[in-house]
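[1] fold the following.
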Amino acid sequence: MEDTIQGTGSVRFATFELDVRSRELREGSSRVRLQDQPFEILRMLLERPGEVITRDELQQRLWPDGTFVDFEHSLNAAVKRLRAALGDDADNPKFVETLPRRGYRFIASLHRTDVAVPGPASACPRLAVLPFSNLSDDSSHEYFADGLTEELIAQLGPRCRGRLSVIARRSSSVFKGTLQRACEIAATLNADYLLEGSVRREGRRVRITVRLVEGKSETDLWSETHDRTVDDWLSVQADVAAHVARSLMIELSPVSLIEAPDPQAHQAYLKARYHWGRPGDEGYTQCIQYLDEALRLAPDYAPAFGLLARVQVGSAEYYRTLPRAAFVRAREAAHRSLELDPANAEAQVVIADLARLVAFDWQAAKAGYRAALSANPSSELAHRCYAFLLVIQGRHDDAVRAAELARELDPLCLVPSLSVAWARYASGSYAQAASECRHTIEMGPAYVPAIRLLAAALLEMDDIAGAISSLEEGRRRAGDHPQLLAWLAHARGLTGDETAASRLIAELRAIEDTRGTYVSPYHLAFAYLGSGSLDAAFGSLHQAFADRDPAIAHLAIEPRFAPLRGDSRYNQLLRLMNLN
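    Below you'll find the predicted structure:
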């Protein structure tokens with residue numbers, strides 16, 4: 001008789017082991033991260049191996065009482081993620097077989113392990129802070145409501161450490177102004193609780209109404225109204241955060257609040273956060289302007305220095321300026337922030353970033369990210385950047401888990417979604433990376449980094465025509481993006497189309513000369529390599545090292561640089577970055 005998960009807390013199949021007690025899927029000694037819905041699907045399949053689990057049964061387990069508006073799409077997405085975790089193929093399945101219009105069946109053999117029957121698993125509850133509605137007559141006060149959302153998320157993360165996962169703002173911001181029901185939003189974000197509210201500001205008076213809702217049942221747990229003046233804005237935020245935490249029966253740890261000497265400085269800081277939260281780097285200029293204003297009014301305001309440090313790292317990553325110069329400014333701002341508030345998680349992440357991207361001090365980077373995660377376990381940024389470090393160190397399973405943690409905290413944001421694809425790509429799982437890229441592109445059709453990475457994955461799968469098609473489509477959607485042009489030149493060069501490759505390299509040089517735009521030498525090295533110009537490629541890579549191009553840290557794990565690995569100059573670069 002076939003073993004099942006019934007009557008045991010753990011069951012093995014192939015190289016995998018599912019432990020219901022800890023809600024973990026392991027492959028050998030490595031943990032494979034599964035989100036709640038794929039986990040429940042796998043659990044149901046293992047309860048009845050060889051039998052068809054109907055789509056209706058899955059709907060009742062995962063989305064009871066018809067609480068989700070798009071069941072078909074969500075179930076297909078959850079099964080897709082399960083297959084990705086198992087390395088399974090829908091067309092040639094080893095584990096999960098699809099029965100069209102009926103359901104799914106588990107087809108591999110199972111083996112029991114001697115573990116006692118577990119009780120129900122208790123996962124860490126998840127809270128989504130939805131965008132607060134601006135009920136003021138003046139639309140320019142929109143930043144005020146958005147700033148409160150941001151501040152609550154930032155404060156709740158450290159307060160609820162280990163007891164509550166707080167979903168990042170970029171995912172919850174998708175529901176700004178939505179008419180969807182609370183249960184629908186909770187299902188989309190996989191959230192247990194929703195915090196929603198409104199802000200009405202008249203002159204220096206502000207009224208904040210807050211409501212805590214249990215997601216599945218749409219039950220109001222509590223609601224409260226705060227009437228304050230703008231002068232005590234920070235205390236209002238702390239008070240609201242404390243009420244939320246108490247309502248969830250969480251034991252709070254004391255949190256130090258850094259008060260702004262001037263309330264206007266804090267308003268400028270909130271405006272800066274609002275602009276930095278816009279897509280890509282389009283809000284960079286306004287963000288810097290408001291940070292300058294905040295620090296002019298309050299020269300010792302730690303949160304503003306922390307954000308400034310993060311924005312300067314961003315300016316290097318988006319190649320808005322010479323990266324080395326941006327990193328110097330980031331270091332100064334981060335150190336100043338930590339002098340004023342040693343627990344500022346944003347500044348701690350920046351210090352770790354600088355160890356990773358400038359000093360190539362991998363142990364210091366690891367310690368820095370862990371310190372940031374200790375200060376705020378709900379920091380999507382810290383999980384994501386730690387994943388990048390793990391990728392560089394070749395700890396691919398751990399990198400995927402860290403990236404998926406970041407995505408769970410911000411499931412509708414393009415950046416953490418792509419970080420999962422990057423971790424898969426670096427591990428050599430190119431088909432899974434391509435699948436993750438397509439998922440990200442579905443959310444953001446003009447998101448250039450996902451388009452580029454999809455092309456790179458296709459290239460490693462020997463689909464050069466698909467890679468070129470992806471890059472050309474990206475160019476039509478996003479214009480002459482320098483990194484995209486460089487990758488396209490690389491792909492064209494590999495096909496032997498020297499004319500097209502040379503023309504693209506000339507376009508890159510013209511962009512640099514006529515627009516005064518910094519063109520990444522790391523990405524330019526791809527263009528030269530595609531045409532077989534190894535000397536030019538190495539020249540660009542050495543320049544990338546000198547400039548501290550953020551991408552140079554990935555040299556050792558980038559498969560497209562494989563043709564350089566037998567060259568002594570390649571090993572010299574690795575030694576310079578402590579990667580030998």
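
[2] give me the beta-bridge partners of residue 10?
    Counting by DSSP bridges, residue 10 is bridged to residue 19.

[3] ok, it - how many residues close by?
    A count of nearby residues for residue 10, using other CB atoms under 10 Å, gives 20. Just so you know, the C-beta spots here come from the backbone N, C-alpha and C atoms, and that holds for glycine as well.

[4] state the distance from it to residue 19.
    5 Å (CB to CB, to the nearest Å).

[5] with residue 463 instead?
    37 Å.

[6] over to residue 155?
    The spacing between residue 155 and residue 19, counted by CB to CB, is 34 Å.

[7] please identify which of the two sits among more neighbours.
    residue 155 (22 against 18).

[8] average pLDDT across whichever helix or strand the more buried one is part of?
    Element membership for residue 155 (DSSP states H and E) is helix 142-159. Computed over helix 142-159, the mean pLDDT rounds to 72.

[9] one more: stretch 225-236?
    According to the model, stretch 225-236 has a mean pLDDT of 66.

[10] and if you look at stretch 412-427?
    On average, stretch 412-427 scores 92.

[11] could you do stretch 566-574 as well?
    The predicted model assigns stretch 566-574 a mean pLDDT of 95.

[12] what distance do you get for residue 510 to residue 321?
    From residue 510 over to residue 321 (counting by CB to CB), the distance is 19 Å.

[13] now do residue 427
    For residue 427, the distance to residue 321 (CB to CB) stands at 32 Å.

[14] neighbour count winner among those two?
    Comparing residue 427 with residue 321 by other CB under 10 Å, the one with more neighbours is residue 427, at 18 against 14.

[15] now residue 14, nearest residue through space, not along the chain?
    What sits nearest to residue 14 in space, not counting adjacent residues and going by CB to CB, 6 or more residues apart in numbering, is residue 108, at 5.9 Å.

[16] what about the one you found, which SS state?
    At residue 108 the chain is in coil, as set by DSSP: H, G, I helix; E, B strand; the rest coil.

[17] that one touches residue 11, doesn't it?
    No - counting by CB atoms under 8 Å, residue 108 does not reach residue 11; the two are 10.8 Å apart.

[18] more neighbours: the two, which one.
    Comparing residue 108 with residue 11 by other CB under 10 Å, the one with more neighbours is residue 11, at 24 against 18.

[19] wait, doesn't that one sit right on residue 106?
    No - Residue 11 lies out of contact with residue 106 (CB under 8 Å); the separation is 10.5 Å.

[20] what touches both of these two?
    Common neighbours of residue 11 and residue 106, using CB atoms under 8 Å, 6 or more residues apart in numbering, are residue 46.

[21] can you map out the strands along the stretch 101-250 of the chain?
    103-106, 111-112, 126-129, 133-134, 165-166, 193-202, 205-214, 219-229 (DSSP state E, counting those that start in this stretch).

[22] domains in this protein, by residue range?
    10-112, 126-254, 258-377 (automatic domain parsing).

[23] out of those, which is the most enclosed?
    domain 258-377 (a mean of 20; mean count of other CB atoms under 10 Å).

[24] I'd say residue 473 and residue 451 touch.
    Yes - under the criterion of CB under 8 Å, residue 473 makes contact with residue 451 at 7.1 Å.

[25] higher neighbour count, the two?
    residue 451 (25 against 15).

[26] got the contact list for that one?
    If you count contacts by CB under 8 Å, 6+ apart, then residue 451 has 437, 441, 470-471, 473-474, 477-478, 484 around it.

[27] any idea which of the residues you listed is the one closest to residue 169?
    Set against residue 169, the nearest of the contacts of residue 451 by CB to CB is residue 441 (22.2 Å).

[28] pLDDT score for that closest one?
    91.

[29] quick check: it vs residue 277, distance?
    Distance from residue 441 to residue 277, by CB to CB: 21 Å.

[30] which residues does the residue positioned nearest the centre of the chain contact?
    In the chain, the residue lying closest to the centroid (CA atoms, centre = their mean) is residue 416, at 1.7 Å. Residue 416 makes contact with 168, 380, 383-384, 403, 406-407, 409-410 under the criterion CB under 8 Å, 6+ apart.

[31] at 10 Å what do you get?
    With contact set as CB atoms under 10 Å, 6 or more residues apart in numbering, residue 416 has these partners: 168, 170-171, 380-381, 383-384, 387, 403-410, 440.

[32] ok, residue 546 next?
    324, 521, 552, 576.

[33] scan the residues you listed and report the most crowded one.
    residue 552 (25 neighbours).

[34] what residues are up against the closest residue in space to it that isn't next to it in sequence?
    Using CB to CB, 6+ apart and skipping the chain neighbours, the partner closest in space to residue 552 is residue 544 (4.4 Å). The neighbours of residue 544, taking CB under 10 Å, 6+ apart as the test, are 323, 520-525, 550-553, 555, 573.

[35] what about those residues, which are in helices?
    323, 521-525, 573 (DSSP state H).

[36] what about the residues you listed, which one has the most neighbours?
    Greatest neighbour count in the ones in helices among the contacts of residue 544, by other CB under 10 Å, goes to residue 525: 31 neighbours.

[37] isn't that residue up against residue 555?
    Yes - when contacts are counted by CB atoms under 10 Å, residue 525 is listed as touching residue 555 (9.2 Å).

[38] mind listing the shared neighbours of the two?
    541, 544, 561, 564.

[39] what about the first one, helix or strand, and which?
    Translated: residue 541. Going by DSSP H and E, residue 541 is part of helix 534-547.

[40] could I have that helix exported to CSV, CA atoms only?
    Taking C-alpha atoms only, helix 534-547 is exported to CSV below (Å, rounded to 0.1, in the frame of the first residue of the first chain):
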residue,chain,number,x,y,z
LEU,A,534,38.7,40.1,-25.5
ASP,A,535,41.2,43.0,-24.9
ALA,A,536,38.4,45.6,-25.1
ALA,A,537,36.3,43.4,-22.8
PHE,A,538,39.0,43.2,-20.2
GLY,A,539,39.7,46.9,-20.5
SER,A,540,36.0,47.6,-19.7
LEU,A,541,36.0,45.1,-16.8
HIS,A,542,39.1,46.8,-15.2
GLN,A,543,37.4,50.1,-15.6
ALA,A,544,34.3,48.7,-14.0
PHE,A,545,36.4,47.6,-11.0
ALA,A,546,38.1,51.0,-10.8
ASP,A,547,34.7,52.8,-10.9
